[in-house]
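# What shape does this take:
(one chain, ligands or ions: 1)
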Amino acid sequence: MIRVRIAPSPTGIPHIGNTRTALFNYLFARHNDGKFILRIEDTDRKRLVVGAKEAIIEILDWLGLEHDEEYIQSERIDIYKKYSEELLNNNIAYKDQGAVWLKVPKGKIFKWSDAIGNKQISFKSDVIEDFVIIKSDGFPTYHFANVVDDHLMDITHVIRGDEWISSTPKHLFLYEVFGWHAPVFAHLPVILGPDKSKLSKRHGAESVLYFRDQGYLKEALLNFMILLGWNPGEDREIMDMNTMIKLFDLKDINTGSPIFDIKKLDWINGVYIRQTQNSNLKTQIYEFYNGKYPDDMIEKTIPLIKERIKKLSDYLPLCEFFFNDPESYEVDVSDKKEVIRKVIKVIEKQDVWKADIIGEKMLDFAREIKIKNSEFFMTLRIAVTGKKISPPLNESMEILGKEKVIERLNKATS
Ligand code: GLU
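Residues are numbered from 1 along each chain as shown. Now for the predicted structure:
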């Protein structure tokens, strides 16, 4: 049976890179009816970051990347000790300055065929120094605990970022000294920023929680991440989780580095927003703003903005005027008071409060007082919404209600 794991160290909050690794492992496990294991590698006690472990779990939960088994290395210290003693007894390891070291003989070659692109990779042992397996604080090093656990947990495929390639010869040597079978290694090309440099905070290196807090939908983020280095070999780009599971295969992972492009994420997120049913989108927006804005009003506004927003956080800048009176006007309308007073009169007489009827009346009015449509509607828009750009004005006025519109217009003339 296929068994894969992600092995995050709680030394920081997961970013797009680690999270893509989690997604690829998850998809590989599910595609093959295998197991997806979470192993927290918290043996580097000095580098632990408070809250990192919780953030790792929160991100996996949010994205729905459910694991089948969970292990925490700091609870398995006795196991690593036992295996290090075996190596000490066999004279393969030695103690020095309080730590346990593994002897690395010269003249050996460590090689493997990497599942990404079927590349043959080899290292001479001459370039590898003896290395620590148990530190003086009694905790194992990453290399040691990682290999012991991958063996004990029957991991069949190690799918991880290619920054670990240079660690792999040490791991192969450990498999060799224990007489264990090594798993298949698949090292994923690192994700680069748009300028082909290392990902920076500006693009993608921030915590995955940042994307959630910006109003990206988890389905969109998952879809975006799968395309970072993988494609199904056709033009299709938009895929739900079931499709991803069905199509995902290690052999289709590109050998070149994918580029993180926030515009693509925005585009995908927009597609998912438009695919979301209105009632569901209403709930998402309501929850995104922590219930601060009434959901019946949100619901009414959704048809007006669904095509225009790329992420949930775009909602409020467009729609705040539905909930709060404008505090300022983006254009000064103080010289338009006369026109506004006249239009209030027209609106007061308006019994049928429907967008198309309101629109007709407004056009008639503009014609009557011989003012250019564009100028008139800009004045009206500013007085009602405070903004130069808003969702369609007639529909917005219908939703706000006649009384509210009159109140706003009065305020603009005061
Ligand atoms: N603990 C390592 C990390 O933080 C795991 C690397 C691996 O998958 O072997 O990414």
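# Around the ligand, pick out the residues from the chain.
7, 8, 9, 41, 142, 146, 160, 164 (C-beta under 6 Å from any ligand atom). C-beta here means a position set from N, CA and C on the backbone, and glycine is covered the same way.
# swap the cut-off to 8 Å and go again
Near the ligand, the residues belonging to the chain are 5-9, 11, 18, 21, 41, 142, 146, 150, 158-161, 164, 167 when assessed by C-beta under 8 Å from any ligand atom.
# For ChimeraX, write the select line for the buried members of these.
A single ChimeraX command selects the buried members of the residues of the chain next to the ligand (16 or more other C-beta atoms under 10 Å):
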select :5,6,7,8,9,18,21,41,142,146,150,158,159,160,164
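# taking the residues of the chain next to the ligand one by one, which sit in helices?
18, 21, 142, 146, 150 (DSSP state H).
# residues in contact with the closest residue to the first one other than its chain neighbours?
Sequence neighbours aside, residue 8 is the residue nearest to residue 18 in space, at 6.1 Å (criterion: C-beta to C-beta, 6 or more residues apart in numbering). Taking C-beta atoms under 8 Å, 6 or more residues apart in numbering as the definition of contact, the neighbours of residue 8 are 14, 18, 22, 38, 40, 41, 56.
# Could you list every helix and strand in contact with the one helix or strand residue 224 maps to?
In the assignment (DSSP states H and E), residue 224 maps to helix 218-226. When contacts are defined as 3 or more C-beta pairs under 8 Å, 6 or more residues apart in numbering; DSSP states H and E, helix 218-226 packs onto helix 16-31, helix 52-63, helix 208-213, helix 241-247, helix 262-275.
# Centre of the chain to it, how far?
Here helix 218-226 shows a centroid-to-chain-centroid distance of 7 Å under the convention C-alpha atoms, centre = their mean, to the nearest Å.
# Then stretch 45-56?
Distance, centroid of stretch 45-56 to centroid of chain: 19 Å (C-alpha atoms, centre = their mean).
# now it: mean pLDDT?
Taken as a whole, stretch 45-56 carries a mean pLDDT of 96.
# List the buried residues in that stretch.
52, 53, 55, 56.
# Taking the residues you listed together, which two end up most distant?
Farthest pair in these (C-beta to C-beta) is 53 and 55. Separation: 7.3 Å.
# Based on its surroundings, how many neighbours for residue 151?
Around residue 151 there are 17 other residues, counting by other C-beta atoms under 10 Å.
# Kindly report the same for residue 59.
The number of residues packed near residue 59 is 23, by other C-beta under 10 Å.
# before we move on, back to that, could you export the ones in helices among the residues of the chain next to the ligand as JSON lines, including pLDDT?
As requested, these are exported to JSON lines (pLDDT from 0 to 100):
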{"residue": "18", "pLDDT": "93"}
{"residue": "21", "pLDDT": "98"}
{"residue": "142", "pLDDT": "98"}
{"residue": "146", "pLDDT": "98"}
{"residue": "150", "pLDDT": "99"}
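# Nearest to residue 329 among those?
Looking across these and measuring by C-beta to C-beta, the closest to residue 329 is residue 18, at 46.4 Å.
# Give me the residue ranges of the stretch 101-250 of the chain where confidence is low.
By pLDDT under 70, the low-scoring segments of the stretch 101-250 of the chain are 200-205.
# Okay, strands next: where are they in it?
Along the stretch 101-250 of the chain, the stretches classed as strands by DSSP state E, counting those that start in this stretch are 109-114, 119-124, 131-134, 157-161, 184-188.
# tell me the angle the first one makes with strand 119-124.
Spelled out, it's strand 109-114. 160 degrees (axes from the mean of the first three to the mean of the last three C-alpha atoms, to 10 degrees).
# Okay, now the sheet partners of strand 109-114, with direction.
strand 119-124 (antiparallel) (DSSP bridges).
# List the contacts of the closest residue in space to residue 138 that isn't next to it in sequence.
Leaving aside its sequence neighbours, residue 138 sits nearest to residue 77 (C-beta to C-beta, 6+ apart; 6.6 Å). Contact analysis of residue 77 by C-beta under 8 Å, 6+ apart lists 138, 139, 140.
# Can you check these and name whichever has the most neighbours?
residue 140 (28 neighbours).
# And the nearest residue to it once chain neighbours are set aside, which helix or strand is it part of?
Sequence neighbours aside, residue 80 is the residue nearest to residue 140 in space, at 4.0 Å (criterion: C-beta to C-beta, 6+ apart). For residue 80, the host element (DSSP H and E) is helix 77-89.
# Would you mark the buried spots in the next helix or strand after that helix?
Downstream of helix 77-89, the first helix or strand assigned by DSSP H and E is strand 93-96. For strand 93-96, the neighbour count (16+ other C-beta under 10 Å) marks residue 93 as buried.
# Okay, now the sheet partners of strand 93-96, with direction.
According to DSSP bridges, strand 93-96 has the following sheet partners: strand 99-102 (antiparallel).
# How about the stretch 151-300 of the chain: which residue is closest to the ligand?
residue 160 (3.6 Å; C-beta to the nearest ligand atom).
# so what's that residue bridging to?
Beta-bridge partners of residue 160, counted by DSSP bridges, are residue 187.
# and it, how far is that from residue 13?
Distance, residue 160 to residue 13, by C-beta to C-beta, to the nearest Å: 18 Å.
# which residue sits farthest out from the middle of the chain?
In the chain, the greatest distance from the average C-alpha position (C-alpha atoms, centre = their mean) is reached by residue 368, at 53.7 Å.
# Now do that one against the ligand, distance only.
Residue 368 is 71 Å from the ligand, where distance means C-beta to the nearest ligand atom, to the nearest Å.
# now swap in residue 148 and tell me
From residue 148 to the ligand the distance is 12 Å (C-beta to the nearest ligand atom).
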